[in-house]
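Asks: predicted coordinates and the sequence they were generated for:
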Amino acid sequence: MDIPVIWMAIGVVVGVLATLPVLRSLSATRHRGSSPDTNRSPRPSGGPSRPWWAGICEPIAFALLAGFLGYCALPDAPPKPLPPGETRVQGRERPAPKLPPEQPLPDNGGGVQGRGRPAPKLPPEQPLPDNGDGEFHFDRTAEASHLIIIPGPGEGHTVVKVEGWGDARAVCWIVIRHGQSAETTIPPGSYRLKVACGERWYGEGRLFGPDGSYSVITNEIRIPVRTDVTISLISSVAGTLEGRRIGIKDY
């Protein structure tokens, strides 16, 4: 029950209790008026007599006034919290407007990932070339030097790209299947090696996709004339090769 209703009920009860003495007095007066009393002195005629209902209305009015003043003195109760999904505007409750579901942004093919934008679609997975295959920009039969590459374990398949040290000109790239090594003839010179590792091959343009790992060896690789050079990509404490991670666009 609300507090204002309780106060009003208290005021009514007080008014009723206040009228009881008046009702008893009226009842006694009527009873005395019905029995003869020769010794009763006459009522003085100094002024008009009050009607019987005046004694009843005054206590009731006093009780109602007390209840109203008590109600006004009460502190303002904090508003009740609204249930979820509703809002109150100018004292009226109305359901919150329903927003349309968020629509995904169209794929613009830009390859930029962000909120609400799907990741770029990769081409279908392609068969991995045979071990030792690749692309070579020189006559392999005319060279006497050899480059032997041993990839690290647990790296999946590996593709090694050989660039010129001074001009970053592409010399070749070679595929090394998981658990194997590869060898190729190569012209003498100074080179930089870039390494890509992964499980799924998407072609020369996408390599192993976003799930692959890409790095560059920062050491200069020198290959003399008629010399076999072995490059081991296995990490070890005594290793002399240093590298850093790169993105697929920098491969």
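Replies: Sure thing, it's come through.
Asks: any low-confidence regions in this protein?
Replies: Across the chain, the stretches falling below the confidence threshold (pLDDT under 70) are 1-9, 11-60, 62-63, 66-97, 100, 102-120, 236-239.
Asks: would you map the strands across it?
Replies: Along the chain, the segments classed as strands by DSSP state E run 86-89, 92-95, 134-136, 146-150, 157-164, 170-176, 182-185, 189-198, 213-217, 221-223, 228-232, 243-245.
Asks: can you put these in a markdown table and add mean neighbour count and distance to Arg206?
Replies: C-beta coordinates here come from the backbone N, C-alpha and C atoms, glycine included. Shown next, in a markdown table, are the strands of the chain (neighbours: other Cβ atoms under 10 Å; distance: least, Cβ to Cβ, whole Å):
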| stretch | mean neighbour count | distance to Arg206 |
| --- | --- | --- |
| strand 86-89 | 10 | 50 |
| strand 92-95 | 9 | 50 |
| strand 134-136 | 16 | 15 |
| strand 146-150 | 18 | 22 |
| strand 157-164 | 21 | 12 |
| strand 170-176 | 20 | 14 |
| strand 182-185 | 18 | 21 |
| strand 189-198 | 20 | 10 |
| strand 213-217 | 17 | 12 |
| strand 221-223 | 16 | 26 |
| strand 228-232 | 15 | 25 |
| strand 243-245 | 11 | 18 |
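Asks: so for Leu64, which of these sits nearest?
Replies: Shortest separation from Leu64 across those is recorded for strand 92-95, at 31.2 Å, computed as Cβ to Cβ.
Asks: dump the strands of the chain to a markdown table, plus distance to Ile10.
Replies: Shown next, in a markdown table, are these (distance: least, Cβ to Cβ, whole Å):
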| stretch | distance to Ile10 |
| --- | --- |
| strand 86-89 | 31 |
| strand 92-95 | 31 |
| strand 134-136 | 98 |
| strand 146-150 | 97 |
| strand 157-164 | 88 |
| strand 170-176 | 94 |
| strand 182-185 | 99 |
| strand 189-198 | 83 |
| strand 213-217 | 81 |
| strand 221-223 | 99 |
| strand 228-232 | 96 |
| strand 243-245 | 80 |
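Asks: closest to Pro123 out of those strands?
Replies: The minimum distance between Pro123 and the strands of the chain falls on strand 189-198, with 14.4 Å, by Cβ to Cβ.
Asks: partners of the closest one in the sheet?
Replies: When sheet partners are counted by DSSP bridges, strand 189-198 sits next to strand 157-164 (antiparallel), strand 213-217 (antiparallel), strand 221-223 (antiparallel).
Asks: Pro101 is nearest to which of the strands of the chain?
Replies: When the strands of the chain are ranked by distance to Pro101, counting by Cβ to Cβ, first place goes to strand 92-95 at 17.5 Å.
Asks: so what's Asp130 up against?
Replies: When contacts are counted by Cβ atoms under 8 Å, 6 or more residues apart in numbering, Asp130 is found next to Val175, Arg177.
Asks: what do you get if the cut-off is 7 Å, keeping everything else the same?
Replies: The contact partners of Asp130, by Cβ atoms under 7 Å, 6 or more residues apart in numbering, come to none.
Asks: ok, the one 3 residues further on next?
Replies: Contacts here follow Cβ under 7 Å, 6+ apart; on that basis Asp133 touches Val175.
Asks: quick thing: my sequence starts at 234, can you match it?
Replies: All right, first residue 234 from here; so that's Asp366.
Asks: how far away is it from Ile383?
Replies: Taking Cβ to Cβ, to the nearest Å as the measure, Asp366 falls 17 Å from Ile383.
Asks: the helices in this structure, which residues?
Replies: Taking DSSP state H to define them, one finds helices in the chain at 236-267, 287-306.
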